[in-house]
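A.B. asks: I need the structure of the sequence given here:
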Amino acid sequence: MLQTKPRFQSFEEYLTYDDGTDYLYELFNGELIEVPPESGENVGIAGFLFLQFALLLGHLRVRGHGLELEVRGEPKNRYPDLTIIREEHIQQLARRNTIRLSMAPPLLVVEVVSPGELQYERDYIAKRAQYQDRGIPEYWLVDPQQHTVTVLELQNSTYIEVGSFRDGDSICSPHFPELALTAAQVLNAGQDTGQDTGQ
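C.D. replies: Sure, this is the predicted structure:
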């Protein structure tokens with residue numbers, strides 16, 4: 001992760017910044033931390049889920065890694081691998097793909113866990129706490145290293161594990177029960193297994 005020079009006193013000040021690149025940054029203690037590119041495996045999994053949710057909800061309700069989510073704590077923003085937005089967000093995000101704290105939370109976020117202890121702690125602990133605080137009703141952790149898809153549901157302001165799914169287990173989504181996917185379909189979507197992951 002590369003740090004750049006500008007310092008920001010507020011999230012609003014950060015939102016006016018444009019360095020003329022397409023880089024994504026997290027705002028951490030007033031400094032910009034460049035978000036590294038995703039692995040091919042992570043992109044494959046997120047892309048597969050994008051297609052599945054788009055078929056269910058329409059493409060405008062599904063946002064990929066470029067959606068910015070303002071959160072409390074540090075960093076001040078996150079870029080989930082996949083986000084299912086509300087109908088009202090479509091118009092609100094027309095000018096900038098950022099869900100502010102003043103807006104309703106998205107319906108679901110998905111993080112594909114990258115290898116390493118730091119990434120594990122970031123997705124399973126730090127992001128979980130921030131997404132829970134943000135009031136996001138459903139959070140998926142797709143973990144290729146553990147071969148699991150863990151689904152969390154917000155109940156009384158706390159994430160409760162709905163299930164940790166593996167292999168041929170059907171993923172149980174409380175808010176999208178019509179989604180018919182197995183853990184293997186999702187986890188294999190990031191690899192060239194010679195098999196079609198479609199339904």
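A.B. asks: now the residue most central in space within the chain. Nearest residue, chain neighbours left out?
C.D. replies: Note on the chain: the residue nearest the mean C-alpha position is Pro80, at 2.3 Å, using Cα atoms, centre = their mean. Once flanking residues are discounted, Pro80 sits nearest to Val109: 4.1 Å by Cβ to Cβ, 6 or more residues apart in numbering. For the C-beta atoms, the positions are set from N, CA and C on the backbone; glycine is no exception.
A.B. asks: how about Asp169, what does it touch?
C.D. replies: By Cβ atoms under 8 Å, 6 or more residues apart in numbering, Asp169 lies in contact with 163, 182-183.
A.B. asks: need phi/psi at it.
C.D. replies: phi -60, psi 140 (degrees, to the nearest 10).
A.B. asks: re earlier: closest one to Ser102 out of the contacts of Asp169, please.
C.D. replies: Closest approach between those and Ser102, by Cβ to Cβ: Gly163, at 32.9 Å.
A.B. asks: mean confidence (pLDDT) on the longest helix anywhere in the chain, please.
C.D. replies: Taking DSSP state H as the criterion, the chain has its longest helix at helix 40-57. The average pLDDT within helix 40-57 is 96.
A.B. asks: give me the below-cutoff pLDDT ranges for the chain.
C.D. replies: 1-5, 193-199 (pLDDT under 70).
A.B. asks: 90 instead, please
C.D. replies: Applying pLDDT under 90 to the chain flags residues 1-7, 19, 22, 36-40, 115-120, 190-199.
A.B. asks: ranges for the helices of it?
C.D. replies: Applying DSSP H to the chain gives helices spanning 11-15, 40-57, 87-92, 117-121, 127-134, 183-188.
A.B. asks: of those, which stretch is the most buried?
C.D. replies: helix 183-188 (a mean of 21; mean count of other Cβ atoms under 10 Å).
A.B. asks: re the thing from before, contacts only, for the residue nearest to the centre of the chain.
C.D. replies: 65, 67, 69, 109-111.
A.B. asks: save the residues you listed as a markdown table, and put in neighbour count too.
C.D. replies: A markdown table is the format used below for the contacts of Pro80 (neighbours: other Cβ atoms under 10 Å):
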| residue | neighbour count |
| --- | --- |
| His65 | 20 |
| Leu67 | 21 |
| Leu69 | 25 |
| Val109 | 25 |
| Val110 | 22 |
| Glu111 | 24 |
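A.B. asks: closest one of those residues to Leu24?
C.D. replies: Of the contacts of Pro80, the one sitting nearest to Leu24 (Cβ to Cβ) turns out to be His65, at 7.7 Å.
A.B. asks: I'd say that closest one and Asn97 touch.
C.D. replies: No: contact between His65 and Asn97 fails when scored by Cβ atoms under 8 Å: they sit 10.5 Å apart.
A.B. asks: roughly how far apart are Val75 and Pro137?
C.D. replies: One thing to correct before we go on: residue 75 is Pro, not Val. 22 Å (Cβ to Cβ, to the nearest Å).
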